[in-house]
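**Q** Sequence plus the predicted model coming up.
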Amino acid sequence: MEIIEWKNRYLKETISNKKIELLRSYSDDFNSNFIEFLTSQYKNEPDGKVRATIIDIIGYHFSDIGITTLIEALKDNTIEIKRASVIILGKVKCKSALKPLLNTLYNPSLEIKDEVIKSVMKIMEISPLNTIVDYYQTANIHVKRIIPKILSQIRNEGSIEFLKLIVHDDDALIRRNTITALEKVISLKDAKIIIDFLNDPDLRVKKVAIKALGRLKSKRASKSLLRLLKSKNKTIRNLATKSLYKIFSDGKSNDLIYDFMTSKNILVRIQIIKLLGLLLDYNSLNNLLNSLNSNNAQIRKSAYNALLRLCKNEIPDQIIDALKAKEWKIRRLSAKIIGTIGNQSQIELLFNLLSDPNNRVRETIINALSKLSDDVIINRVKEFISTPNWKYRRAIVKLLIKINSNSCFELLVPLINDDDIYVKSWTAMALGNFDNINDLSPFIDMLNDKDPKIRISAAKSLGQLRRRESIEALAKVLWDDDWNVRKEIENALATIDPNWIKSI
């Protein structure tokens, strides 16, 4: 089809879809006259889909004639037309489109902001730096905030110097974006530029500076970051700790960190302990163990978590030795670590501590042992079950109760007649959870024990067992002298049979 015939058909067409078909179907030479025709039609075309097709064709057959139309399309009301023109102008690195592209960034909510920035960066590859530097002076605040990102991609001496200049801008977001840009282009010797912003009044600027120094691994920033560990802002403390981890992760001396280990500031000590754990600093083991005895719960928790990280592969001798420490808190948490990740031979040490003078240490060991294999524990418990040491026997009963498996049943039954009140009462209550109790006589005998704790335990167990043959025995002691015992007997009877009185 000749160009004149094609134009006449196109000009007479009023249906948009037909116009698009005509535009897509033309396959003759796209000479300058034809492109000029398309640019004139773009200006007068009311339908966005048709305009979009025109822009696609002009872009595909790009020439100087179409530049004006592509730039004009940056103001089009249809976002897809804007996007297409932005991408084309960047692809061909059109210098004359640089300022018009930057002007689109005046709108802070521009949907195609990222595409505009990418195209500007491509054009800047062949444009002098002063083009954008001069533009910055008169740009609105939204464009100024974006320019640091563009400059970070140019990466020449001039762009770096300009970034150093605008990093002190009054606008916090410009400072933030410029710090992020500088991080990508400056050398370590220039890190002081960013260090200065660790004291910025804007919290978001401070956060960006902390992260940047960590990624730069600036040793020069170490002291300044360590001082931030006393910040009242938890996020700042944690970010500073993460950056310090990156800086000191080279495995060299951590002496500077140790200097802060004894800080009077609790917040600092907590973060230092976390940092030593992250660094897997085995030289800090003794200090971390001593921290387990702190009066501050957060310090103890941080030291415990740090030691867990250090003991990931094996338990150091210092942890094993700490089981004999004078301080019960150190013994307790060391035992907890061994119980969590220790091997079979080290777990044997926990059994020896079941008679520890401190109840909280014993409770921790019981909890740790109860999480291990039943068979391993049951076989070991048999050696302790008849020990004359009451602490051992009480601990063993608690351990068997926590395990609460059928394999514990045979070991618990003999303990129901133990001389120790607590062993006897705990055993009675524990046995009440088992269905395979054939003989109720030990429980019934206990209803007449002189100690009310035993009588209460017996009543609770009979209630749990729900056996009707125990109703008569419970009814006989219903008027026990102890109110708490009577209450427990009433509960047991009601549990077995709410109408128990009719059965006697």
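**A** Ah, there it is. Residues are numbered from 1 along each chain as shown.
**Q** Report how many residues lie close to the residue lying closest to E111 once chain neighbours are set aside.
**A** The shortest distance from E111 to any non-neighbouring residue, by C-beta to C-beta, 6 or more residues apart in numbering, is to I79 (5.7 Å). The C-beta positions use only the backbone N, C-alpha and C, and glycine is treated the same way. Neighbour count of I79, defined by other C-beta atoms under 10 Å: 12.
**Q** For I79, give me the pLDDT.
**A** The model reports I79 with a pLDDT of 93.
**Q** what do you get for N406?
**A** So N406 comes in at 68 (pLDDT).
**Q** Name the residues that touch the helix or strand that contains N103?
**A** Secondary structure assignment for N103, by DSSP states H and E: helix 98-104. The contact list for helix 98-104, computed with C-beta atoms under 8 Å, 6 or more residues apart in numbering, reads 71, 74, 82, 86, 89-90, 110, 112, 116, 119-120, 123-124, 127, 131-132, 135, 139, 143.
**Q** Now it: buried residues?
**A** For helix 98-104, a neighbour-count test (16 or more other C-beta atoms under 10 Å) marks 98, 100-104 as buried.
**Q** what ranges do the helices span in the stretch 301-450 of the chain?
**A** Along the stretch 301-450 of the chain, the segments classed as helices by DSSP state H, counting those that start in this stretch run 317-321, 328-341, 344-352, 359-370, 374-381, 390-403, 409-412, 421-431, 441-446.
**Q** Also the stretch 101-250 of the chain?
**A** Taking DSSP H, counting those that start in this stretch to define them, one finds helices in the stretch 101-250 of the chain at 113-124, 129-138, 141-154, 157-166, 172-185, 192-195, 203-216, 222-227, 234-248.
**Q** thinking again about what came up before, quick one, which of the helices of the stretch 301-450 of the chain gets closest to I147.
**A** The closest of the helices of the stretch 301-450 of the chain to I147 is helix 328-341. By C-beta to C-beta, the value is 52.4 Å.
**Q** I would like the residues contacting that closest one, please.
**A** Counting contacts by C-beta under 8 Å, 6+ apart, the residues outside helix 328-341 that touch it are 289-290, 292-294, 300, 303-304, 307-308, 311-312, 315, 319-320, 322-325, 346-347, 349-350, 353, 356-358, 360-361, 364-365, 367-369, 371-372.
**Q** now stretch 252-268
**A** Contacts of stretch 252-268 (C-beta under 8 Å, 6+ apart): 222-223, 226, 229-232, 237, 244, 248, 269, 272-273, 275-276, 279, 281, 283-284, 287, 296, 298-299.
**Q** Turn the buried residues of helix 98-104 into JSON lines, including distance to F384.
**A** Formatted as JSON lines, the buried residues of helix 98-104 follow (distance: C-beta to C-beta, whole Å):
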{"residue": "L98", "distance to F384": "84"}
{"residue": "P100", "distance to F384": "86"}
{"residue": "L101", "distance to F384": "81"}
{"residue": "L102", "distance to F384": "80"}
{"residue": "N103", "distance to F384": "84"}
{"residue": "T104", "distance to F384": "80"}
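**Q** Now for these: which two are most distant?
**A** Maximum pairwise distance in the buried residues of helix 98-104, criterion C-beta to C-beta, is 11.3 Å, between L98 and T104.
**Q** what number of residues lie near K326?
**A** Neighbour tally, K326, other C-beta under 10 Å: 7.
**Q** My error: substitute R468 in the last question.
**A** Neighbours around R468, by other C-beta under 10 Å: 10.
**Q** so what pLDDT did it get?
**A** Model confidence at R468, given as pLDDT, is 87.
**Q** ok, now how distant is S63 from V376?
**A** In this view, S63 and V376 are 83 Å apart by C-beta to C-beta, to the nearest Å.
**Q** again but with I123, I slipped
**A** For I123, the distance to V376 equals 71 Å [C-beta to C-beta].
**Q** need the helix or strand of the chain with the lowest average pLDDT.
**A** helix 374-381 (a mean of 73; mean pLDDT, DSSP states H and E).
**Q** Please say which of I123 and V376 ends up with more neighbours.
**A** More crowded of I123 and V376, by other C-beta under 10 Å: I123, with 22 against 12.
**Q** can you tell me which residues contact the more buried one?
**A** Counted by C-beta under 8 Å, 6+ apart, I123 has contacts 89-90, 93-95, 97-98, 101.
**Q** What count of nearby residues applies to L275?
**A** Residues near L275, counting by other C-beta under 10 Å, number 25.
**Q** Please read the previous query as pertaining to N77.
**A** Counted with other C-beta under 10 Å, the neighbours of N77 add up to 8.
**Q** which residue is nearest the middle of this protein?
**A** The centroid of the chain falls nearest to N238 when counting by C-alpha atoms, centre = their mean (11.6 Å).
**Q** how about that residue, what does it touch?
**A** Taking C-beta under 8 Å, 6+ apart as the test, what N238 contacts is Q271.
**Q** Equivalent analysis for the one 4 residues further on, please.
**A** Under the criterion of C-beta under 8 Å, 6+ apart, the contact partners of K242 comprise G214.
**Q** L440 contacts A458, correct?
**A** No. Counting by C-beta atoms under 8 Å, L440 does not reach A458; the two are 9.8 Å apart.
**Q** who's more crowded, the two?
**A** More crowded of L440 and A458, by other C-beta under 10 Å: A458, with 33 against 16.
**Q** That one reaches D449, doesn't it?
**A** Yes. A458 is within contact range of D449, at 7.3 Å (criterion: C-beta under 8 Å).
**Q** what residue ranges in this structure score low on pLDDT?
**A** 1, 27-30, 373-374, 406, 436, 502-504 (pLDDT under 70).
**Q** Give me the domain ranges for it.
**A** Per automatic domain parsing, the domain ranges recorded for the chain read 1-127, 437-504.
**Q** okay if I get those domains as TSV plus distance to N389?
**A** Below are those laid out as TSV (distance: least, C-beta to C-beta, whole Å):
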stretch	distance to N389
domain 1-127	73
domain 437-504	21
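**Q** out of those domains, nearest to Y392?
**A** Y392 lies closest to domain 437-504 among the domains of the chain, at 20.2 Å (C-beta to C-beta).
**Q** Contacts only, for L415.
**A** Contact analysis of L415 by C-beta under 8 Å, 6+ apart lists 385, 393, 397, 423-424, 427.
**Q** residues contacting G277?
**A** 288, 302, 305-310.
**Q** Report the separation between it and L288.
**A** 8 Å.
**Q** which neighbours do the two share?
**A** Residues touching both G277 and L288 (C-beta under 8 Å, 6+ apart): 306-307, 310.
**Q** Buried only: go through the contacts of stretch 252-268 for me.
**A** By neighbour count, with 16+ other C-beta under 10 Å, those hold 222, 226, 229-231, 237, 244, 248, 269, 272-273, 275-276, 279, 281, 284, 287, 299 as buried.
**Q** Which ones among those lie within strands?
**A** Counting by DSSP state E, no part of the buried ones among the contacts of stretch 252-268 is found in strands.
**Q** neighbours around the residue lying closest to N156 once chain neighbours are set aside, how many?
**A** Counting by C-beta to C-beta, 6+ apart, N156 lies nearest to L129, which is 6.9 Å off, once chain neighbours are set aside. By other C-beta under 10 Å, 16 other residues sit near L129.
**Q** For L129, give its distance to N238.
**A** For L129, the distance to N238 - C-beta to C-beta - is 38 Å.
**Q** again, but for T78
**A** From T78 to N238 the distance is 46 Å (C-beta to C-beta).
**Q** Likewise for F37?
**A** Distance, F37 to N238, by C-beta to C-beta: 63 Å.
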